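# next come a sequence and a model predicted from it.
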Amino acid sequence: MTRSPRLWLTVAALGIFLPSAAIAADRGRAYVTHQDGGVAVVDIASGNIVQTLDVGGHGPRGIGVTADGKLLATANKDGGDLTVVDLASGKPVRQIKIGKNPEFVRVLGDRAFVSYEPGAKGGPPPKPGSAAAEDDDDDIPARIAIVDLKRGKVLREIVSGPETEGIEFSADGRRMAVTNEADNTITVYDLKNGHLLKTVPTKEYGNRPRGIKRSPDGKTYAVTLEFGDKLLMLDANFKPIKAITTGKTPYGVAFDRSGQRLFVATSRDNALQVYDARSLEKITDIPVGLRCWHFSFTPDDKEILIACGKSNEILVIDADKLEVTRSIPSPGLPWGVVTYPKALGSLDQP
């Protein structure tokens, strides 16, 4: 069809622009917590930070977004609370008291599952085998608060192991698995009543389980063992099936959408390691910044965003070429990252 020159000039004069390939499509937003700041909002299409959300200066770490993209929640270590932000206005709408040292957040629908530690002593983790580590094993168990984000209410709590770190759910939504770094266990609970179903010791394979992620087909779980420098694979019933050696201090872990590749953030090796999810053979190491713990794919799976706390940057990685393409300066110790629309990552799963 031939466009009328007169019509085109009229449209241009009125400042109306027709869609074209030159106009970048909206690829969603990424939300990055900063332990010494708020939440940076990254426009994924441009790769720019377009907004900073104020969550009260309480040291946000864990982060999640509701299924409808209307609310964002952060776990604040200094405030001992959960901030709920209305994303339309960018303003906090609720501050919900949780307890000491809240860290990890998983959001399912309108509910947040938040780990916290009533017996937290503060400071860096003790080294394995030290006297402090032995005392640490006897700490008061951590808890997981289940929060209704829209009502701003803690519905109930599940008692977990000491120093709970990661949270994952079974494919049928009936069970919840958590990693407990202080006593080197993975514990599995009935999500409906909170009853303990199973305890999986990890000390045989390595100490301090941290990240945990279910494969897209629901048949396996990947668990990082931070002080063991290991990746432990479990079957659908949480039975250990294989462990492999990774780089130093692995933490965040996630599968890609196809389930064919497995990504592991090794913070002391300054790398995002990529493995074949079936053979567990390493594909490559992607060099990244300092203390990069958590990462997320973009909603279209084209890129990976990784938060690097000690180098104060968010790195953008091409998910096909497995290369860093951009560094976004982001001062304030970036910690965790999620996106909306929801994407696969170390802190979230669609």
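It's in.
# and stretch 271-280, end to end?
17 Å (C-alpha to C-alpha, to the nearest Å).
# what sits up against it?
With contacts defined as C-beta atoms under 8 Å, 6 or more residues apart in numbering, stretch 271-280 is touched by 215, 220, 231, 233, 242, 244, 246-247, 250, 255, 259-266, 281-288, 292, 295, 304, 306, 317, 322. Just so you know, the C-beta spots here come from the backbone N, C-alpha and C atoms, and that holds for glycine as well.
# what of stretch 75-86?
Contacts of stretch 75-86 (C-beta under 8 Å, 6+ apart): 35, 39, 53, 55-63, 70-74, 91-105, 112, 114-116, 145, 147, 149, 152.
# about what we covered before: buried ones among the contacts of stretch 271-280?
215, 220, 231, 233, 244, 246-247, 250, 255, 259, 261-266, 282-283, 285-286, 288, 292, 295, 304, 306, 317, 322 (16 or more other C-beta atoms under 10 Å).
# narrow those to those in strands?
Those of those mapping onto strands are 220, 231, 233, 244, 250, 255, 261-266, 282-283, 285-286, 292, 295, 304, 306, 317, per DSSP state E.
# which of the contacts of stretch 75-86 are buried, as a PyMOL select command?
Of these, the buried ones can be selected in PyMOL as follows, counting by 16+ other C-beta under 10 Å:
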select buried, resi 35+39+53+55+58+59+60+61+62+63+71+72+73+74+92+94+96+98+99+100+101+102+103+104+105+112+114+115+116+145+147+149
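# does V85 sit in a helix, a strand or a coil?
Assigned with DSSP: H, G, I helix; E, B strand; the rest coil, V85 falls in the strand class.
# and S327, by the same measure?
Reduced to three states by three-state DSSP, S327 is strand.
# who does it bridge with?
Judged by DSSP bridges, the bridge partners of S327 are L315.
# and it, how far from A265?
Between S327 and A265 the computed distance is 16 Å (C-beta to C-beta, to the nearest Å).
# and Y340, by the same measure?
To A265, Y340 is 21 Å away according to C-beta to C-beta.
# which residue sits closest to S311, ignoring its sequence neighbours?
With C-beta to C-beta, 6 or more residues apart in numbering as the criterion, S311 has its nearest non-adjacent residue at 3.4 Å, and that residue is G289.
# so who does the one you found touch?
270, 306, 308, 310-311, 313, 315, 327.
# can you check the pLDDT for it?
G289 carries a pLDDT value of 97.
# likewise for T224?
Note on T224: pLDDT of 98.
# make 15 the first number, not 1, from now on.
All set: I'll call the first residue 15, so the last point we hit is now T238.
# my guess is it contacts T260, does it?
Yes. Taking C-beta atoms under 8 Å as the definition, T238 is a contact partner of T260 at 7.3 Å.
# quick check: neighbours shared by these two?
244-245, 278.
# present the residues you listed as TSV; the columns should include pLDDT.
Output for those, formatted as TSV (pLDDT from 0 to 100):
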residue	pLDDT
K244	98
L245	98
V278	98
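# hey, where'd the helices end up in the chain?
Applying DSSP state H to the chain gives helices spanning 19-27, 145-150.
# for stretch 336-347, C-alpha coordinates in CSV please.
What follows is stretch 336-347, C-alpha atoms only, in CSV (Å, rounded to 0.1, in the frame of the first residue of the first chain):
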residue,chain,number,x,y,z
LEU,A,336,27.6,-16.0,27.0
GLU,A,337,29.6,-12.8,27.0
VAL,A,338,29.3,-9.6,29.1
THR,A,339,28.0,-6.8,26.9
ARG,A,340,27.5,-4.0,29.3
SER,A,341,28.2,-2.7,32.8
ILE,A,342,25.6,-0.5,34.5
PRO,A,343,27.2,1.4,37.4
SER,A,344,25.0,1.0,40.4
PRO,A,345,26.6,2.1,43.8
GLY,A,346,25.3,0.8,47.1
LEU,A,347,26.2,-2.9,47.1
